[in-house]
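Chemist: No letters, just coordinates:
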């Protein structure tokens, strides 16, 4: 099968034919069914209203990735210069104190997503990683365009460092992480962080790290594989506006930073059927080339946002578990 296949009608024909393979990757029947259902929608997601997209993601995340292990889950306020950021704290039972912790930023193109959409994902990371997760409800575009999100990310890290002793968190074992847009924030945050003690690790799940949106996988998986190229470009416009020079700034495209070697040890987990796949690979390669310890994981046969599909797809749950355990190994 041609690796250039990406039109929705072609994808549907492929999946209905029983040849469950794309770009040399086997696709499970459950993943194939999901891709077929999503690509069959007559209304492209990004053409809906912003609030409509937010409601749709909440519903899909609950249905496909909700649930997760029981644990202590409590609200948390992170004080910043522009007001308190709402956050949610996940603490598995029996976790020692002080505990390793992950400051987490959800995905959603800087436009959609919230604490609820990523509740199941954060529960699974906390349980499988044996750590606390603090998920941050940062400001979203278009109401709050750049640099609001990265400013909130920096403020959240500063606040958490100050609060860590009182929360029973081990500052020597503090990581940052996120998925998709949240992975972008974590990567940009790591590049410029000079806090003490330094970050121990970062977790980047299928991150967007290059807002030029021109990698080969951007064309290869442009349509029919859950996240579309048109959606990513629409998200970019809401977040960064019309000024394309922002695409080159490290705060928005960490892959283009002059130096990435200050980043902490990193877990990069890419999705095989993802428009963002190749930039994630390029970032892992660049980190490694500049002396950063990198663990690269590949979720072959899975689409973007597999972390929000763990309830529906066993292979997605397995992939997310691999991410959590790889991060845990960096926080011992």
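Modeler: Everything's here; your move. As the structure is a prediction and not an experimental result, all values here were calculated from the model. Numbering: from 1, shown residues only.

Chemist: residues contacting the closest residue to residue 195 other than its chain neighbours?
Modeler: Spatial nearest neighbour of residue 195, excluding adjacent residues (Cβ to Cβ, 6 or more residues apart in numbering): residue 161 at 5.7 Å. In this view, the C-beta of every residue, glycine as well, is placed from N, C-alpha and C. Residues in contact with residue 161 (Cβ atoms under 8 Å, 6 or more residues apart in numbering) are 171, 174, 195.

Chemist: which one of those residues has the most neighbours?
Modeler: Highest neighbour count within the contacts of residue 161: residue 174, with 26 neighbours (other Cβ atoms under 10 Å).

Chemist: From residue 295, how far out is that residue?
Modeler: Distance from residue 174 to residue 295, counting by Cβ to Cβ, to the nearest Å: 18 Å.

Chemist: same thing with residue 82?
Modeler: Distance, residue 82 to residue 295, using Cβ to Cβ: 35 Å.

Chemist: quick one: which of those two has more around it?
Modeler: Neighbours per residue, other Cβ under 10 Å: of residue 82 and residue 295, the larger number sits with residue 295, 19 against 10.

Chemist: now the helices for the protein?
Modeler: Using DSSP state H, the helices of the chain run over 8-16, 29-39, 50-65, 119-129, 148-167, 181-192, 216-220, 229-240, 277-289, 314-330.

Chemist: Need those helices in JSON lines (columns: mean pLDDT and distance to residue 139).
Modeler: What follows is the helices of the chain, written out as JSON lines (pLDDT from 0 to 100; distance: least, Cβ to Cβ, whole Å):
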{"stretch": "helix 8-16", "mean pLDDT": "47", "distance to residue 139": "33"}
{"stretch": "helix 29-39", "mean pLDDT": "92", "distance to residue 139": "28"}
{"stretch": "helix 50-65", "mean pLDDT": "96", "distance to residue 139": "14"}
{"stretch": "helix 119-129", "mean pLDDT": "98", "distance to residue 139": "19"}
{"stretch": "helix 148-167", "mean pLDDT": "97", "distance to residue 139": "4"}
{"stretch": "helix 181-192", "mean pLDDT": "97", "distance to residue 139": "11"}
{"stretch": "helix 216-220", "mean pLDDT": "97", "distance to residue 139": "27"}
{"stretch": "helix 229-240", "mean pLDDT": "97", "distance to residue 139": "11"}
{"stretch": "helix 277-289", "mean pLDDT": "98", "distance to residue 139": "24"}
{"stretch": "helix 314-330", "mean pLDDT": "98", "distance to residue 139": "26"}
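
Chemist: Could you dump those into JSON lines and include distance to residue 265?
Modeler: What follows is these, written out as JSON lines (distance: least, Cβ to Cβ, whole Å):
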{"stretch": "helix 8-16", "distance to residue 265": "37"}
{"stretch": "helix 29-39", "distance to residue 265": "30"}
{"stretch": "helix 50-65", "distance to residue 265": "27"}
{"stretch": "helix 119-129", "distance to residue 265": "14"}
{"stretch": "helix 148-167", "distance to residue 265": "17"}
{"stretch": "helix 181-192", "distance to residue 265": "10"}
{"stretch": "helix 216-220", "distance to residue 265": "25"}
{"stretch": "helix 229-240", "distance to residue 265": "28"}
{"stretch": "helix 277-289", "distance to residue 265": "9"}
{"stretch": "helix 314-330", "distance to residue 265": "5"}
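
Chemist: Can you report how many residues lie near the closest residue to residue 308 other than its chain neighbours?
Modeler: Take residue 308 and drop its neighbours on the chain: the residue closest to it by Cβ to Cβ, 6+ apart is residue 65, 4.0 Å away. Neighbourhood size, residue 65 [other Cβ under 10 Å]: 27.

Chemist: same thing with residue 297?
Modeler: Neighbour count for residue 297, taken as other Cβ under 10 Å: 15.

Chemist: Now do the contacts for it.
Modeler: 267, 268, 269, 270, 319, 322, 323, 326.

Chemist: Quick check: bridge partners of the first one?
Modeler: In other words, residue 267. Here residue 267 sits in beta bridges with residue 203, residue 295, going by DSSP bridges.

Chemist: Hmm, it is touching residue 324, no?
Modeler: No - at 9.3 Å, residue 267 does not count as touching residue 324 under the criterion of Cβ atoms under 8 Å.
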